[in-house]
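[1] okay, sequence plus prediction incoming.
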Amino acid sequence: MRVRSLTAGVSIGCALALSQTAAGAATAPLLGPAPAALPIRPTGPVALVAYSDRMQGGRSQPFSAGVFDTSSGGLGAVGNDQITSLRVAAGYRVVACDDGGGEDGGRSGGLGLCRYFGAGRHDHVGDDLSDRISLLAVFGRPTRAGGATAYQHEGLTGARIRLGAGGYEQVDGDFDRLTGTVGSLRIGAGHRAVACDNDRSNGMNLGTCRLFPPGAHPGVGADLAGRISLIALAGAAQHPPARDR
């Protein structure tokens, strides 16, 4: 009887140990590679899809209207210097640049080579931009909700017009009485603007372009003063894109 009870005790003890080990294994953290980056989704209607390969192939990332650059992580899904082709939705336009600009560009920093893409499929962005794009400004027609002010002269003086989110082009008459005279800008909190000295009327290449972060910009730079022909303004709700949770 004593031997039998000892044997039973050993069996019960082994069973308890095994059950505790199994429970611990179930709750212990699993070791393995770090999870992949969360996919990025646009905050509004899809205005652009960028692709890593020609002919809309490879990795892709959708964008709503806004300004997206590498310094803010806006090109996270498709990758910095990885974009080769684009598909732009009807009613939207895109400025693609090979320099992200960062938040300190202002009147001195440029965005390198910048190119204009209208609505439609763009099977190749060009050898000089392929795998080099670091900034995308995606915009539709301008709104009048406010967000920035353009001034005729330096120092935030002279005639002025209010700008809402969207794209303004001289060829469309969007600058009204400031056509060919913009000398300074005030960008509202949560907004950013890309300004260029050419618009689509001069072909796809936009010449000098600059990124303006929120704040007062008493000058736009000698190379842009009185020459701005395009402004793409992104509102707070459009930048940066949201992430899936």
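    Here it is on my side, so go on.
[2] SS state for S71?
    helix (DSSP: H, G, I helix; E, B strand; the rest coil).
[3] how close does the most centrally placed residue in the chain sit to G221?
    Compute the mean C-alpha point of the chain, and by CA atoms, centre = their mean the closest residue is F68, 1.4 Å away. As judged by CB to CB, to the nearest Å, F68 and G221 stand 23 Å apart. From N, CA and C alone the C-beta is placed, and that goes for glycine too.
[4] over to F117?
    24 Å.
[5] how many other residues sit next to the residue nearest to R227 when sequence neighbours are not counted?
    Using CB to CB, 6 or more residues apart in numbering and skipping the chain neighbours, the partner closest in space to R227 is D197 (4.2 Å). Neighbourhood size, D197 [other CB atoms under 10 Å]: 22.
[6] my read is that D197 contacts I228, right?
    Yes. Look at D197 against I228 with CB atoms under 8 Å: they come within range, at 6.3 Å.
[7] quick one, what contacts the residue nearest to R227?
    The contact partners of D197, by CB atoms under 8 Å, 6 or more residues apart in numbering, come to L206, G207, T208, C209, D223, L224, R227, I228, S229.
[8] how about a cut-off of 7 Å?
    G207, T208, L224, R227, I228, S229 (CB atoms under 7 Å, 6 or more residues apart in numbering).
[9] what do you get for I83?
    Contact partners of I83, counting by CB under 7 Å, 6+ apart, are A50, S52, V125, I133.
[10] which of these lies closest to L113?
    Checking those against L113 by CB to CB gives I133 as the nearest, at 9.5 Å.
[11] hang on, the closest one in a helix?
    No. According to three-state DSSP, I133 belongs to no helix; its state is coil.
[12] give me the spatial nearest neighbour of it, chain neighbours excluded.
    Closest to I133 by CB to CB, 6+ apart is I83, at 4.2 Å.
[13] any idea how far that neighbour is from S130?
    On the measure of CB to CB, I83 and S130 end up 8 Å apart.
[14] kindly report the same for D172.
    Distance from D172 to S130, by CB to CB: 29 Å.
[15] check G118 too.
    G118 is 19 Å from S130, by CB to CB.
[16] cool, L48 as well?
    Taking CB to CB, one finds L48 at 16 Å from S130.
[17] what does stretch 135-149 rub up against?
    By CB under 7 Å, 6+ apart, stretch 135-149 touches 47-48, 50, 63, 65-69, 91-97, 99-101, 111, 160, 162-168, 174, 185-188, 191, 193-194, 232-233, 235.
[18] so G219 lies in a helix, does it not?
    No. Going by three-state DSSP, the assignment for G219 is coil, not a helix.
[19] for it, grab phi and psi.
    Backbone geometry at G219, expressed as degrees, to the nearest 10, gives phi -140, psi 150.
[20] burial of it, as a residue count?
    Other residues within reach of G219 by the criterion other CB under 10 Å amount to 17.
[21] low-confidence regions, the protein specifically.
    The chain contains residues with pLDDT under 70 at 1-44, 77, 79-80, 101-109, 236-245.
[22] please repeat the previous calculation with a cut-off of 90.
    For the chain, the stretches flagged by pLDDT under 90 are 1-45, 69-82, 100-110, 142-146, 176-177, 180, 202-203, 235-245.
[23] all helices of it, in order?
    2-27 (DSSP state H).
[24] and S60, what does it touch?
    S60 neighbours (CB under 7 Å, 6+ apart): V49, A50, Y51, V78.
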